[in-house]
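In: Predicted model and sequence follow; I will ask about them next.
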Amino acid sequence: MELILLKVCVALAPVVLFLLVFSALDAFKLMSWTELGLLLAGGGALAAASYFANWRAMDDLPIGFTNYTKYVAPIVEETLKASLVLLLFWRNRIGFMIDAAITGFAIGAGFSLIENVFYLYYFHEANLGVWLVRGFGTAVMHGGATAIFGVAGQFLVERQLKVVAARYHFNILPFLPGLLAAMVLHSTYNHFPNQPLLAMGVTILAVPLTLIFLFSKSEHSAHEWLLADYATHEEMLREIRDGRFAQSEAGRVILSLSERFTPQIMTDIFDYIQLHTELVVRAEKVLIANEEGREATIGRRCATSSPACTPWSARSAGPPCSPSARTCSSPATTCGKCTSSNRTPTPNGIARPASRPRPF
């Protein structure tokens with residue numbers, strides 16, 4: 001019984017430990033534990049699908065089991081794993097190389113877990129060395145191959161965005177080189193059935209070192225991008241609060257649309273821009289704090305009538321309510337239930353004037 005438990009631990013634990021380590025290396029904490037669990041489950045479901053796909057293909061292709069594992073199985077299995085990664089790219093759930101790598105490794109880890117459970121069930125009498133190779137070699141290879149696919153796809157998509165950002169549409173072509181690389185890695189690993197320890201040793205060294213290098217490179221580029229974006233959004237928010245946004249380039253573009261809409265709609269547009277910018281700045285503050293290993297401090301309490309605490313729709317229309325702090329700037333009002341005669345409460349607590357001025 002103890003030997004069986006040892007086999008199970010050796011076959012299943014290593015790839016999960018690697019995944020936890022890679023997740024801990026993510027300074028921005030882009031992936032939650034729930035998301036990692038869902039990715040593991042998705043990879044496991046793909047392993048079950050590959051079992052039936054491989055079984056059917058082996059019956060139809062009279063090339064023998066050894067040749068099948070070398071040349072066909074890598075195509076079937078890497079394509080299945082890549083399909084889930086592609087779905088996440090299509091849904092814009094991946095934005096950096098670091099979360100592309102973690103996503104790919106998690107899917108590959110889930111795939112290998114179910115595959116090893118299958119082998120443990122049918123070949124439980126195999127010696128401990130078999131499970132050592134499958135746990136530290138095959139499982140890590142599965143995770144690494146899918147991670148490489150995700151990273152290569154993200155890298156090529158980023159290059160494409162730099163050229164045609166305004167006209168970008170999801171396209172499968174940038175992902176084909178990464179898929180080919182994953183298939184080659186998988187096939188190369190399967191070419192050493194008689195030297196499993198060599199294949200395991202190379203895999204357990206090459207895959208983690210490669211991913212750690214990619215994490216470091218991705219974290220640096222993400223840090224530079226985040227700081228630049230944060231500075232841009234901070235300046236934009238400052239222009240909005242100081243009443244200078246209408247004179248900025250973005251403000252002039254929006255003002256050029258004013259003839260098409262009523263003043264009330266234009267006021268709503270400016271309110272939305274202010275709220276959206278504030279939320280973006282807060283999110284970027286959280287990411288920067290996570291990267292620096294400290295708790296993010298967001299939000300502030302405003303008790304003045306300064307423009308910084310006032311939405312566009314409430315300016316020049318009596319005492320404003322602060323939507324972030326629910327703190328009114330005048331005793332004559334109650335946050336969320338403003339009582340001034342010229343103000344109407346709204347469900348989100350942002351008071352609106354009965355007669356709404358244009359914010360420009």
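Out: Structure's in. What do you need? Numbering: from 1, shown residues only.
In: Where does pLDDT dip in the stretch 1-150 of the chain?
Out: For the stretch 1-150 of the chain, the stretches with pLDDT under 70 are 1, 27-28.
In: so where do the helices sit in it?
Out: In chain order, the stretch 1-150 of the chain shows helices spanning 2-24, 33-60, 65-67, 73-90, 97-122, 128-133, 139-164, with DSSP state H, counting those that start in this stretch as the criterion.
In: closest one to residue 262 among those helices?
Out: Closest approach to residue 262 among these is made by helix 139-164 (35.5 Å; CB to CB). Using the backbone N, CA and C atoms, a C-beta is placed for each residue, glycine as well.
In: Show me the protein divided up by domain.
Out: 2-218, 242-353 (automatic domain parsing).
In: which one of those has the most crowded surroundings?
Out: Of the domains of the chain, the one with the most neighbours on average (mean count of other CB atoms under 10 Å) is domain 2-218, at a mean of 18.
In: Quick one: end-to-end distance for that domain.
Out: 42 Å (CA to CA, to the nearest Å).
In: For the closest residue to residue 158 other than its chain neighbours, give me its contacts.
Out: In space, residue 158 comes closest to residue 97 once its chain neighbours are excluded; the distance is 8.0 Å by CB to CB, 6 or more residues apart in numbering. Residues counted as contacts of residue 97 (CB atoms under 8 Å, 6 or more residues apart in numbering) are 151, 154-155, 158, 214, 217-218, 221.
In: Max pairwise distance over those residues: which two?
Out: The widest separation within these (CB to CB) is 13.1 Å, between 158 and 214.
In: how much space between the residue nearest to residue 158 and residue 23?
Out: Applying CB to CB, to the nearest Å, the value for residue 97 to residue 23 is 15 Å.
In: swap in residue 38?
Out: 14 Å.
In: and what of residue 158?
Out: 22 Å.
In: returning to that earlier point: output the domains of the chain in CSV; the columns should cover distance to residue 226.
Out: Below are these laid out as CSV (distance: least, CB to CB, whole Å):
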stretch, distance to residue 226
domain 2-218, 8
domain 242-353, 6
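In: Quick one: closest of these to residue 232.
Out: Once the domains of the chain are compared by CB to CB, domain 242-353 is nearest, at 9.8 Å.
In: for that closest one, what is the average pLDDT?
Out: For domain 242-353, mean pLDDT rounds to 61.
In: How about stretch 196-216?
Out: Here the average pLDDT along stretch 196-216 is 89.
In: Pull the distance from that stretch to the chain's centre.
Out: Relative to its chain's centre, stretch 196-216 lies at 23 Å (CA atoms, centre = their mean, to the nearest Å).
In: got it, and stretch 266-273?
Out: With CA atoms, centre = their mean, you get 29 Å for stretch 266-273.
In: repeat for stretch 189-200
Out: 34 Å.
In: same question, stretch 108-116
Out: Counting by CA atoms, centre = their mean, stretch 108-116 comes out at 21 Å from the chain centroid.
In: Using CSV, list the CA coordinates for it.
Out: Extracted in CSV, the C-alpha atoms of stretch 108-116 (Å, rounded to 0.1, in the frame of the first residue of the first chain):
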residue,chain,number,x,y,z
GLY,A,108,-0.4,20.8,-19.9
ALA,A,109,-0.1,19.9,-16.2
GLY,A,110,-3.8,18.9,-16.1
PHE,A,111,-3.4,16.9,-19.2
SER,A,112,-0.4,15.0,-17.7
LEU,A,113,-2.2,14.4,-14.4
ILE,A,114,-5.2,12.6,-16.0
GLU,A,115,-2.8,10.7,-18.4
ASN,A,116,-0.8,9.5,-15.5
